[in-house]
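> pasted the sequence and its predicted model underneath.
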Amino acid sequence: MAVFSLLASLVTFVALFVSYRVFLAYSLRLKASRHGCKPARRYKHYDPVFGLDIFMQTGDAITKNRFLIEHQQRYDNYGHTFEALNFGSRAIYSVHPDNLRAVFSKNASDWGIQPLRLHNMQPFCGTGFITTDGPAWKFSHDLLKPGFHKSIISDFAPLEEHLQMMLEQIPKDGSKFDLQPCIFKLVRPFLNLRYCTALTWGMKYLDMNTLFLFGEAIGMLSGSPPVHAKGFLDAFQEGFNGCGMRIALGPLKVLLPKKGWLKACSKTHDFADVYVERALQYRRESLTLQTPEDRNKQRTLLFNMARQTDNRVVLRDQIIQAMMAASETTAALISTVFHVLSNHPSVFTKLRAEVLAIEHAPLDFDKLGRMKYLQNVILETLRLYPVFPQNNRVALRDTILPTGGGHDGTSPVLATAGTLFDTCFATLHRDKTIWGADALEFRPERWEGKSKPSTFEFMPFGTGLRQCLGQQKATMETSYIVVRMLQEFEEIKSEDDRPWQGQVALTAKNANGCLISVRPASP
Ligand code: HEM
């Protein structure tokens, strides 16, 4: 009797569940047809159940530095918008500006990142602007924002100091060298100390971003890291990579070993806690901090957050996430600018003329900002080689993308809650329907005309509420380094015939480095 009643309950449950699913499917279809929605073109999967083939192809493309090419080919084959399976769930791939407007701006509250990231990244970096949506994101954003004020990020003195050390070491006899690792040491937040000590030239242990983030170049200038930083660099990298792997592997992440990763997370926390304690101490003493050195301590991003909260976990989470956001970004941009300049002598000559015209007067934000050709070179570099080439969101509720559906790809597309939206800025920025027939050419002059691309046609720093807070800092530091290098060298020549090949982790840089030779400016 008990078995019978158990069976009956089970059957009722299954019937209710099936009816609910049917009702859901029906109401969704109704909603879709009411808005004229049609499905987008379907990716032809070999695995039609989970779509593991696309996952494997993407992994293979990453290891062969063909990730961006693979994406471009998919869009060439399927058009601006298509759908595919993502571990059995639905994913919509789109580089259509109207869809980007919907996802990043108009209907941005329908889309988020928390369901994708928080559970995968929390042990490493907790809750912050990278891992949350809604009020939690807003809280983090508001904490960070004051730390990016122009008055804080416009001091180029530390950058010049580090640049001088690099300049001393650059071979000036016309021999070829790789500028990329050198630049990465200049502005990269975290240096692999083992790698740096192995280099015979370049600036040792320098770090612009850690200075900005928490006020210390982690032992780089002295050549030995402080005790609390021992092992930190490896731990941070392992923790960060572990987050990326967990997101990429989706449900397969259970296969990843956890113990080592958690240890790396904990090591990263211990390191960050040291700076959090210091920032809180400055907060307590802030009224008595009077000297210029003290005021410098107050210019860090962490101190600016500690002014607003004394919650240690909040501060730790934010500063680790800020380290992640800053990681390799400016360095990748600077290094790519030199790649293009060394490969385009006429651009180099034109830019150098602009640089020489300002003579050696001190450089500041306004002066650099007014150098039109310089800014156009940077924009054009970000167009063809965006540092963040790809981005994604997940639908938090049922919502509609304005285009991409039906045979001609112009009907709206229904995205049900949980649908992944994936876009590729590298493809968007090379779209001939937006940029014209010469879209693949590096031509800074294209930015001189009156008609500028819309925010949804060119978005190297993202757009909408989550737009990059470090944009001005990154572009001004890049401007500064480029101007100073062109003051120092009258020729920067490429020593590499290979094209730029995107090595994509979170950011993209040239897999082949930046092999150049230089000729110092005649006195
Ligand atoms: C060339 C350099 C850089 C590029 C191309 C870049 C790009 C981006 C992009 C595309 C986003 C939006 C992410 C999204 O919508 O999901 C973003 C957000 C952000 N970036 Fe950058 N970034 C750069 C440098 C930096 C630097 C140096 C910092 C300094 C710490 C920084 C801090 C941030 C922050 C805090 C956010 C999140 C803003 C928010 O959600 O409120 N970025 N960045």
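Sure, I can see it.
> relative to Gln237, how far out is the most centrally placed residue in the chain?
What sits nearest the mean C-alpha location of the chain, by Cα atoms, centre = their mean, is Phe388, with 4.2 Å. In this structure, Phe388 lies at 19 Å from Gln237, with Cβ to Cβ, to the nearest Å as the measure. All C-beta spots, glycine's among them, are computed from the backbone N, C-alpha and C.
> Ser522 too?
Here Ser522 is placed at a distance of 43 Å from Gln237 (Cβ to Cβ).
> and the ligand, is stretch 409-425 touching that?
No - counting by Cβ under 6 Å from any ligand atom, the ligand is not contacted by stretch 409-425; separation bottoms out at 7.6 Å.
> next, the buried residues of that stretch.
By neighbour count with 16 or more other Cβ atoms under 10 Å, stretch 409-425 contains the buried residues 409, 411-416, 419-425.
> tell me which of those fall in strands.
Secondary structure defined by DSSP state E assigns Ser411, Pro412, Val413, Leu414, Ala415, Leu420, Phe421, Asp422, Thr423, Cys424 of those to strands.
> surely the second one is in contact with Gly405?
Right, Pro412. Yes - proximity of Pro412 to Gly405 meets the contact threshold set by Cβ atoms under 8 Å, at 6.0 Å.
> near the ligand, which residues of the stretch 101-250 of the chain show up?
Applying Cβ under 6 Å from any ligand atom, one finds that the stretch 101-250 of the chain approaches the ligand through Phe129, His141, Leu144.
> now do the closest residue to the second one other than its chain neighbours, the pLDDT please.
Spatial nearest neighbour of His141, chain neighbours left out: Phe129 (5.5 Å); criterion: Cβ to Cβ, 6 or more residues apart in numbering. What the model reports as pLDDT for Phe129 is 97.
> what of Ala505?
At Ala505, the pLDDT value in this model is 85.
> look at it and say how many residues are nearby.
By other Cβ atoms under 10 Å, 13 other residues sit near Ala505.
> how is the closest residue to Lys493 other than its chain neighbours assigned, secondary-structure-wise?
Ranked by Cβ to Cβ, 6+ apart and with sequence neighbours excluded, the top spatial neighbour of Lys493 is Ser517, at 5.2 Å. Secondary structure, DSSP: H, G, I helix; E, B strand; the rest coil: Ser517 is strand.
> ok, Ser517 - contacts?
Neighbour list for Ser517: Pro171, Gly174, Ser175, Lys176, Phe177, Ile492, Lys493, Glu495 [criterion: Cβ atoms under 8 Å, 6 or more residues apart in numbering].
> mind checking which helix or strand of this protein has the lowest mean pLDDT?
Between all helices and strands in the chain, the lowest mean by mean pLDDT, DSSP states H and E belongs to helix 193-198, at a mean of 31.
> elements contacting the helix or strand that it is followed by?
Toward the C-terminal end, the helix or strand that comes next after helix 193-198 (DSSP states H and E) is helix 208-214. Applying 3 or more Cβ pairs under 8 Å, 6 or more residues apart in numbering; DSSP states H and E, we find helix 208-214 packed against helix 157-169, helix 179-187, helix 259-285, helix 301-306, helix 312-326.
> give the buried residues for the first one.
For helix 157-169, burial by neighbour count (16+ other Cβ under 10 Å) applies to Leu159, His162, Leu163, Met165, Met166, Leu167.
> can I get the buried residues of stretch 409-425 in CSV including pLDDT?
Formatted as CSV, these follow (pLDDT from 0 to 100):
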residue, pLDDT
Gly409, 96
Ser411, 97
Pro412, 97
Val413, 97
Leu414, 96
Ala415, 96
Thr416, 94
Thr419, 97
Leu420, 97
Phe421, 98
Asp422, 98
Thr423, 98
Cys424, 98
Phe425, 98
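> picking that back up, among the contacts of Ser517, who's most crowded?
So for the contacts of Ser517 (other Cβ under 10 Å), the most neighbours sit at Ile492, 21 neighbours.
> for Ile400, helix, strand, or coil?
Recorded secondary structure, Ile400: strand (three-state DSSP).
> need the nearest residue in space to it, chain neighbours excluded.
Counting by Cβ to Cβ, 6+ apart, Pro412 is the residue found nearest to Ile400 once chain neighbours are left out, at 5.1 Å.
> ok, now Asp270?
Distance criterion Cβ to Cβ, 6+ apart; nearest residue to Asp270, sequence neighbours excluded, is His228 at 7.1 Å.
> repeat that for Ala474.
Take Ala474 and drop its neighbours on the chain: the residue closest to it by Cβ to Cβ, 6+ apart is Thr330, 4.5 Å away.
> next, count neighbours for the one you found.
Burial of Thr330 is recorded as 27 neighbouring residues (other Cβ under 10 Å).
> what's the answer for Ile434, then?
For Ile434, the count of nearby residues is 16 (other Cβ under 10 Å).
> that one - nearest residue in space that isn't next to it in sequence?
The shortest distance from Ile434 to any non-neighbouring residue, by Cβ to Cβ, 6+ apart, is to Glu457 (4.9 Å).
> ok, the one you found touching Gly436?
No - if you go by Cβ under 8 Å, Glu457 and Gly436 don't touch, sitting 11.9 Å apart.
> so for the two, which sits in the more crowded spot?
In this view Glu457 and Gly436 are compared by other Cβ under 10 Å, and Glu457 has more residues nearby, 18 against 11.
> separation between the more buried one and Met208?
Glu457 is 31 Å from Met208, where distance means Cβ to Cβ.
> again, but for Lys432
Shown here: Lys432 relative to Met208, a distance of 37 Å by Cβ to Cβ.
> sorry, back to before: looking at the ones in strands among the buried residues of stretch 409-425, which one is closest to Ala108?
For those, the residue nearest Ala108 by Cβ to Cβ is Phe421; the value is 11.3 Å.
> list the contacts of that closest one.
Shown in contact with Phe421 (Cβ under 8 Å, 6+ apart): Ala91, Ile92, Ser94, Asn99, Val103, Trp111, Asn392, Arg393, Val394, Ala395, Leu401, Ala415.
> do that again at 10 Å, thanks
Taking Cβ atoms under 10 Å, 6 or more residues apart in numbering as the contact definition, Phe421 lies against 91-94, 99-100, 102-104, 110-111, 391-395, 399, 401, 415.
> and the closest residue to Pro389 other than its chain neighbours, how many residues sit next to it?
The spatial neighbour of Pro389 that comes closest, neighbours along the chain excluded (Cβ to Cβ, 6+ apart), is Ala426 at 4.0 Å. For Ala426, the tally of surrounding residues (other Cβ under 10 Å) stands at 24.
> again with Ala474
By the other Cβ under 10 Å criterion, the neighbourhood of Ala474 contains 24 residues.
> go on, Ser342?
If you count neighbours by other Cβ under 10 Å, Ser342 ends up with 22.
> returning to what we had before: closest to the ligand out of the buried residues of stretch 409-425?
Phe425 (7.6 Å; Cβ to the nearest ligand atom).
> touching, the closest one and Gln390? I think so.
Yes - assessed by Cβ atoms under 10 Å, Phe425 is found in contact with Gln390 at 6.8 Å.
> which neighbours do those two share?
With the criterion set as Cβ under 10 Å, 6+ apart, the overlap between the contacts of Phe425 and Gln390 is Leu68, Ala508.
> surely Arg393 touches Ser105?
No - counting by Cβ under 10 Å, no contact exists between Arg393 and Ser105, whose distance comes to 11.8 Å.
> tell me which of the two has more neighbours.
Arg393 (22 against 14).
> what sits opposite the more buried one in the beta ladder?
Phe421 (DSSP bridges).
> residues of the stretch 351-500 of the chain that sit close to the ligand?
Along the stretch 351-500 of the chain, the residues adjacent to the ligand under the rule Cβ under 6 Å from any ligand atom are Val387, Phe388, Asn391, Pro460, Phe461, Gly462, Arg466, Cys468, Leu469, Gly470, Lys473, Ala474.
> contact partners for Ile482?
Careful, residue 482 is Val; it's not Ile. Residues counted as contacts of Val482 (Cβ under 10 Å, 6+ apart) are 333-334, 337-338, 341, 351, 355, 368, 371, 374, 377-378, 381.
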